[in-house]
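K.L.:
the sequence and its predicted three-dimensional model are supplied below.
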Amino acid sequence: MNEWVTAINGVVWSPALIVLCLGAGLYFSLRSRFLQLRHVREMTRLMMEGKSSDQGVSSFQALAMTLAGRVGTGNIAGVATAITFGGPGAVFWMWAVAFLGASSAFAESTLGQVFKEQIDREYRGGPAFYIEKGLGMKWYAVTFAIATVVATGLLLPGVQANSIAESLKTAVGLDPVVTAVGLAIMLGVIIFGGVKRIAHFAEVVVPFMALGYIGVACVIVAMNIGQLPGVIKLIFSSAFGLDAGFGAILGMAIQWGVKRGVYSNEAGQGTGPHASSAAEVSHPAKQGLVQGFSVYIDTLFVCTATALMLLITGQYNVQAPDGSAIFTGVKGVAAGPGYVQTALENIMPGFGALFVAIALFFFAFTTIVAYYYIAETNIAYLNRTVHRPWLTLVLKVAIIAATVYGTVKTADLAWALGDIGVGLMAWLNIVAILLLRDIAFKCLRDYEAQKAAGKDPEFDPVALGIGNAGYWERRAAARRDRAVTEPSH
């Protein structure tokens, strides 16, 4: 079974998927004239614009919900793994992937907004919705929805939970059974409270966890500030094979940097549009721009924080493809969460391991909550046809059970199966957003034109020739009716 799953994983996460992710990011970047550079100021402004409504959440809450999913164990363990097998140069290629991926994140999240629906008085949207409505391919949409429910609702939560249990056991000797009970209670309280409670939880916890982690990284960098220019030079020279020590693994630097970058920021993989579709905005491009910035936060800020803490203190390892050591800064520990805990414990005795355990708890737990929301949204999509309201309750029980099981038992098979699910999501979604590219660019041009005219952009799909955008069509019609009646008062 394990060999069979590993073989499938190798096909799904083949270099072709990496090329597809990068190619899509490059295409969207060129076609949008590098919106991720031109609109950085607008991205940051829009993050704080808008308020929640009875049906939707605010732009910032939607951003926090997306970051809850993006910022996970990959930002700690994944970065350490990339440096171990790709050298310091892998960090540069993670940055490159984030830069290109921001444009893909804009496209998918804008499409999520365009084709969102109001279901049970809540906004719902995501790839399944825009595949069905934008491409008219329901079988394709259902395939995406089922793959997503299985991956994010059943397989991946336990993997995140296991990293929490392992890090707490390493740091304070906490029994995994105790961790499992605590996680089950906390998760139940949040997910049984609905999307609003999930949004409020993410709004409070995500900024706290990200800023706290980056803050500690800044302190460590400040304590070793004299080494910073050398570390930056090392990252760039290793990224292009110019460093004598790491030049032999240039190909590995690119491969691991790109792979971990794609996996960490998830741009184009179809996870981000679920939360972004729940935002209450006046134009789809607004939330698209906000979600583009979320990729920067994940990789340029949080992943870089991990990389600099390890590199500036020399607490990292690099090994050649044959397993031989090229550089050894942390002895006797394999790449992973325990590796980072050991490294920071060496830097800050008595605090480092506990700090990483706390950071991992927040990163991984918020990811589990985000997984639930993504799975629930796809259940809501499927229920439009099958009408089985009890499926949502089954999902709640299943994700709590998966979390508990993963906490007390290492689930290598679940991780591999989850990877297949996420990889399948990426293949299906990237192909879809490339096919729907013209709609995303219409939205961007319309938004820019209205901004240039000094307006607060409002979206009218009919005027742009975009069909099947029922929510926005009704909203635009109501706006026109108000414009007709208001002068008579």
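P.N.:
Nice, thanks for sending it over.
K.L.:
so what pLDDT did the closest residue to residue 206 other than its chain neighbours get?
P.N.:
Using CB to CB, 6 or more residues apart in numbering and skipping residues adjacent in sequence, the residue nearest residue 206 is residue 64, 4.3 Å away. (Each C-beta comes from the backbone N, C-alpha and C, glycine too.) With respect to pLDDT, residue 64 scores 86.
K.L.:
got the CA positions of the helix or strand hosting residue 64 in CSV?
P.N.:
Here residue 64 sits within helix 59-70, counting by DSSP states H and E. Coordinates of each C-alpha in helix 59-70 appear next as CSV, following Å, rounded to 0.1, in the frame of the first residue of the first chain:
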residue,chain,number,x,y,z
SER,A,59,-11.4,41.6,4.0
PHE,A,60,-9.0,41.2,7.0
GLN,A,61,-10.9,38.3,8.5
ALA,A,62,-10.9,36.5,5.1
LEU,A,63,-7.1,37.2,4.8
ALA,A,64,-6.6,35.8,8.3
MET,A,65,-8.6,32.7,7.5
THR,A,66,-6.5,32.2,4.4
LEU,A,67,-3.2,32.7,6.3
ALA,A,68,-4.4,30.2,8.9
GLY,A,69,-4.2,27.6,6.1
ARG,A,70,-1.1,28.9,4.4
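K.L.:
which element follows it toward the C-terminus?
P.N.:
Criterion used, DSSP H and E; the element after helix 59-70 is helix 77-86.
K.L.:
for stretch 232-249, list every residue counted as buried.
P.N.:
Neighbour-count burial for stretch 232-249, counted by 16 or more other CB atoms under 10 Å, picks out 232, 234-235, 237-239, 241, 243, 246, 249.
K.L.:
tell me the phi and psi of residue 454?
P.N.:
As for residue 454, its main-chain torsions (degrees, to the nearest 10) stand at phi 80, psi 20.
K.L.:
make residue 1 into 877 and carry on from there
P.N.:
Done: numbering now begins at 877, and the last item shifts to residue 1330.
K.L.:
how much space separates it from residue 1157?
P.N.:
From residue 1330 across to residue 1157, the span is 19 Å (CB to CB, to the nearest Å).
K.L.:
with residue 886 instead?
P.N.:
Taken as CB to CB, the span from residue 886 to residue 1157 is 40 Å.
K.L.:
looking at those two now, which is surrounded by more residues?
P.N.:
residue 1157 (21 against 9; other CB atoms under 10 Å).
K.L.:
confirm that the more buried one sits in a helix.
P.N.:
No. Secondary structure of residue 1157 (DSSP: H, G, I helix; E, B strand; the rest coil): coil, not part of a helix.
K.L.:
what about the closest residue to it other than its chain neighbours, which SS state?
P.N.:
In space, and not counting its chain neighbours, residue 1157 is closest to residue 1163: 5.1 Å by CB to CB, 6+ apart. Residue 1163 carries the three-state label helix when classified by three-state DSSP.
K.L.:
for residue 1163, give me the pLDDT.
P.N.:
Residue 1163 is assigned 95 on the pLDDT scale.
K.L.:
how about it, what does it touch?
P.N.:
Each residue near residue 1163 by CB atoms under 8 Å, 6 or more residues apart in numbering is listed here: 922, 935, 938, 985-986, 988-989, 1152-1153, 1155, 1157.
K.L.:
one more: residue 984?
P.N.:
By CB under 8 Å, 6+ apart, the residues touching residue 984 are 1003, 1143-1144, 1146, 1148-1149, 1167, 1305, 1309.
K.L.:
what pLDDT, on average, does the longest helix along the chain get?
P.N.:
Longest helix of the chain, by residue count under DSSP state H: helix 1228-1262. Helix 1228-1262 comes out with an average pLDDT of 91.
K.L.:
just the CA trace of the helix or strand just after that helix, in PDB.
P.N.:
Later in the chain than helix 1228-1262, the nearest helix or strand by DSSP H and E is helix 1266-1284. Written as PDB, here are the backbone C-alpha positions of helix 1266-1284 (Å, rounded to 0.1, in the frame of the first residue of the first chain):
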ATOM      1  CA  TRP A1266     -26.200  15.800   7.900                       C
ATOM      2  CA  LEU A1267     -23.000  15.700   5.900                       C
ATOM      3  CA  THR A1268     -21.700  18.800   7.600                       C
ATOM      4  CA  LEU A1269     -22.200  17.100  11.000                       C
ATOM      5  CA  VAL A1270     -20.400  14.000   9.800                       C
ATOM      6  CA  LEU A1271     -17.500  16.200   8.600                       C
ATOM      7  CA  LYS A1272     -17.200  17.900  12.000                       C
ATOM      8  CA  VAL A1273     -17.100  14.600  13.800                       C
ATOM      9  CA  ALA A1274     -14.700  13.100  11.200                       C
ATOM     10  CA  ILE A1275     -12.200  16.000  11.400                       C
ATOM     11  CA  ILE A1276     -12.100  15.900  15.200                       C
ATOM     12  CA  ALA A1277     -11.600  12.100  15.100                       C
ATOM     13  CA  ALA A1278      -8.800  12.500  12.400                       C
ATOM     14  CA  THR A1279      -7.100  15.100  14.600                       C
ATOM     15  CA  VAL A1280      -7.200  12.900  17.700                       C
ATOM     16  CA  TYR A1281      -6.000   9.900  15.800                       C
ATOM     17  CA  GLY A1282      -3.100  11.800  14.200                       C
ATOM     18  CA  THR A1283      -2.100  13.300  17.600                       C
ATOM     19  CA  VAL A1284      -1.400   9.900  19.200                       C
END
